[in-house]
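> structure for the following, please:
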Amino acid sequence: MDQPFIGSEALASGVVNKHQLRTRFRALYPDVYLAGDASPTLAQRTLGAWLWTRRRGVVAGLAAAAVHGARWIADDIPVELIWSNARSPDGITSRRDRLAPGENRLVAGLMVTTPERTAFDVGRLTSGDHAVARLDALGNATRFDRGAVAALARRHRGSPGIPRLLSALDSYDSGAESPRETWLRLLLVRAGFPRPRTQIPVDRPDGRTYYLDMGWEDVMLAIEYDGDHHRERRVFANDIVRSEFIAYRGWTHIRIVSGAHPADIVNRVRRAWPSSVRSDREIV
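Next up is the predicted model:
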């Protein structure tokens, strides 16, 4: 068995005996077992946490975001559950939050909060720019309804963290494809640049399309964050062809690499910004 299971149920059904349970499996949570040699993934830990509630809890927070397909979530985060048991074991965080009808649903056999309710919880319980990055990742996976999340904030107006959530929603953009892209976008906005559009299409003659991380179409200026995978030979070669075509289409193309200093990034963009449209009110 490569997935977590409830030990007492497996014993009662004869799937395993006590000796097998003790020697071949290890307790992931009380009465929830996993193969002894397994290094549990977040998905396995989430399933195990839900089984620990005897299938009555609701997966919430970052664990729910991961179930919905959000990326950039570590395997070792605490699994959040909306569940009344305050004595949760290590690796599980339980909350007694109120769920209104329609705020949770079955996904892949698990009861989890909806994307909008997940965004509501993540946005209000995560601080600063991390909240924006988490919302970006969830939105990139689900395209959750921003208006519906704001409506949840009104419905649950007494919940902690509502101002934090609304602030994060104002900066949220589902076009970000990594936390570093979120960081770069927020850096540029705080430097005084207009909010960039994300995932700008640039059509190719062969009918395919390149997508720019972010930029401003009115001034034909694009900014992209190159992660470590761009150093791979095949990716690097494709990037050269891509950059040449983007320049051919008239774009000024600025590429940011890991470790670049924020001030240097801002100065590069300022220098590239066309002087004909530059104003002290737009860029400070």
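
> pull the distance from the worst-scoring helix or strand of the chain on mean pLDDT to the chain's centre.
Ranking every helix and strand in the chain by mean pLDDT, DSSP states H and E puts helix 233-248 at the bottom, with a mean of 83. The gap between where helix 233-248 is centred and where its chain is centred comes out at 27 Å by C-alpha atoms, centre = their mean, to the nearest Å.

> find the residue ranges of this structure scoring beneath the pLDDT cut-off.
Low-confidence segments of the chain (pLDDT under 70): 228-236, 276-284.

> now do the helices in it.
Ranges of helices within the chain are 7-13, 18-24, 42-52, 61-67, 115-125, 128-142, 146-155, 162-171, 179-190, 233-248, 262-272, based on DSSP state H.

> how about these, which one is nearest Ala100?
Evaluated over those, closeness to Ala100 peaks at helix 146-155, with 6.5 Å, by C-beta to C-beta. Yep, even glycine has a C-beta here, placed from its N, CA and C like the rest.

> buried sites along the closest one?
Neighbour counts over helix 146-155 (16 or more other C-beta atoms under 10 Å) mark 146, 149, 152-153 as buried.

> stretch 151-170 now?
152-153, 156, 159, 161-162, 164-165, 168-169.

> show me how far stretch 216-230 is from its chain's centre.
On C-alpha atoms, centre = their mean, the centre of stretch 216-230 falls 20 Å from the chain's centre.

> right, I mislabeled it, should have said stretch 140-149
With C-alpha atoms, centre = their mean as the basis, stretch 140-149 stands 12 Å off its chain's centre.

> now the buried residues of stretch 151-170 in CSV, with distance to Ile77?
Listed next are the buried residues of stretch 151-170 as CSV, based on distance: C-beta to C-beta, whole Å:
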residue, distance to Ile77
Leu152, 22
Ala153, 24
His156, 23
Ser159, 21
Gly161, 18
Ile162, 23
Arg164, 19
Leu165, 19
Ala168, 18
Leu169, 22
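
> of all those, which two lie farthest apart?
Farthest-apart pair in these is His156 and Ala168; separation 15.5 Å (C-beta to C-beta).
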